[in-house]
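**Student:** Predicted structure and sequence below. I'll ask about it afterward.
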Amino acid sequence: MSKAAELAKWGEVSTNGQVSGRRNIVINGAMQVAQRGTSTASVSSNGYFSTDRMKFYESSSGVFTVEQVSDAPSGSGFTFSHKVTATTADTSLASTDLVCPLHYIVEQQDIDDRLAYGTSSAKSITMSFWIKSNVTGTYTISAYRSVDPSRVQAQTYTISSANTWEFKTLTYSGDTAEAVDDNLNFYFNGLVGGSYDNTSTTSGWATYNTSNWAGGHTATWGDTANDTWQITGLQLEVGSVATPFEHRSYG
């Protein structure tokens, strides 16, 4: 095993020399824990249905199965992934429809002092993960803070090969205008109605309105029965560099 692979496995030191110490803001990013059960079928509302901390969100007519599965990228050090399957497709795709196979909530207490939002020293945060889907295309992940004035920044990633694990990283710039005075939400958009896909916010934070939620999103995941979407190795950390995943004990 190479030194880089060894570090990635144990998450002891980052690629830029930082020593680990709760670098990963995400809880259960390796998708190991599923206290609610490993699978819930006939999901047609928002909520937590399987893997701990991994919430499902939809405003559509689709029906889904949400589960923790024993499928992960080979050699990655992961065993499980969080999987969502569209069992009944949303074929109407109304302009206000939105399906997010993952909605992850970062609690304010975990980031307030670390990000310096609302100041000139606001810090970037970088997200990294392994992703797999039968639907290729460009997807968005919308970072959202709901307190007035609500703020949004959507970054894009592309799934190039169907049913193949791919590693992605994306960086969100710091918000110099508004502090983090509420939880910070990350919506992994899958199916996006026309009202949500217009103005891009990849260059930075903006005051939220419907049209700037997911600019640049082209993938249509969930409009066909049996569409699948899986994720594992989800990490969110301060800075503009994605470091090796911080593996922590199950306990």
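**Tutor:** Yep, that arrived.

**Student:** low pLDDT regions in this protein?
**Tutor:** Low-confidence regions of the chain, defined here as pLDDT under 70, cover residues 1-21, 250-251.

**Student:** pull the longest strand from it.
**Tutor:** With DSSP state E applied, the strand covering the greatest number of residues in the chain is identified as strand 228-238.

**Student:** So which residue is smack in the middle of this structure?
**Tutor:** Residue closest to the average C-alpha location in the chain (Cα atoms, centre = their mean): residue 188, at 4.8 Å.

**Student:** Can you tell me how far it is from residue 95?
**Tutor:** 20 Å (Cβ to Cβ, to the nearest Å). Every residue, glycine included, has its C-beta placed from N, CA and C.

**Student:** which residues does residue 40 contact?
**Tutor:** Taking Cβ atoms under 8 Å, 6 or more residues apart in numbering as the criterion, residue 40 is in contact with 49, 50, 65, 66, 67.

**Student:** Is residue 127 in a helix, a strand, or coil?
**Tutor:** Local secondary structure at residue 127 is given as strand here, using DSSP: H, G, I helix; E, B strand; the rest coil.

**Student:** Verify the stated contact: it with residue 239.
**Tutor:** No: the criterion here is Cβ atoms under 8 Å, and residue 127 misses it with residue 239 at 11.3 Å.

**Student:** what about the two, which has more around it?
**Tutor:** Between residue 127 and residue 239, counted using other Cβ atoms under 10 Å, the more crowded position is residue 127 (23 against 15).

**Student:** Dig out what the residue nearest to the centre of the chain forms beta bridges with.
**Tutor:** Taking DSSP bridges, one obtains residue 102, residue 141 as the residues bridged to residue 188.

**Student:** just to revisit the earlier point, next step: the contacts of residue 40 restricted to strands.
**Tutor:** Using DSSP E to define strands, the subset of the contacts of residue 40 located there is 65, 66, 67.

**Student:** Based on its surroundings, how many neighbours for the nearest residue to the second one once chain neighbours are set aside?
**Tutor:** Read that as residue 66. Counting by Cβ to Cβ, 6 or more residues apart in numbering, the nearest residue to residue 66 once its immediate chain neighbours are dropped is residue 49, at 4.1 Å. With neighbours defined by other Cβ under 10 Å, the count for residue 49 comes to 23.

**Student:** Return the distance of residue 49 relative to residue 116.
**Tutor:** Applying Cβ to Cβ, the value for residue 49 to residue 116 is 35 Å.

**Student:** about what we covered before: so the residue nearest to the centre of the chain is in contact with residue 230, correct?
**Tutor:** No: with contact defined as Cβ under 8 Å, residue 188 does not reach residue 230; the gap is 11.3 Å.

**Student:** which residues in the protein form strands?
**Tutor:** Counting by DSSP E, the chain forms strands over residues 39-43, 47-48, 55-59, 63-69, 81-88, 98-106, 125-133, 137-145, 151-159, 166-172, 184-188, 191-192, 206-207, 228-238, given from the N-terminal end onward.

**Student:** who does the fourth one pair up with?
**Tutor:** Sheet pairing of strand 63-69 (DSSP bridges) gives strand 39-43 (antiparallel), strand 81-88 (antiparallel).

**Student:** Need the winner for burial among those strands.
**Tutor:** Scoring the strands paired with strand 63-69 by mean neighbour count under mean count of other Cβ atoms under 10 Å gives strand 81-88 as the most buried, with a mean of 22.

**Student:** Restricting the selection to alpha carbons, write it to PDB.
**Tutor:** Output of strand 81-88 as PDB, limited to C-alpha atoms (Å, rounded to 0.1, in the frame of the first residue of the first chain):
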ATOM      1  CA  SER A  81     -23.400   3.700   0.900                       C
ATOM      2  CA  HIS A  82     -26.600   5.600   1.100                       C
ATOM      3  CA  LYS A  83     -28.900   4.700  -1.800                       C
ATOM      4  CA  VAL A  84     -32.200   6.200  -3.100                       C
ATOM      5  CA  THR A  85     -34.300   4.500  -5.900                       C
ATOM      6  CA  ALA A  86     -37.200   6.100  -7.700                       C
ATOM      7  CA  THR A  87     -39.900   3.400  -7.600                       C
ATOM      8  CA  THR A  88     -42.600   5.600  -9.000                       C
END
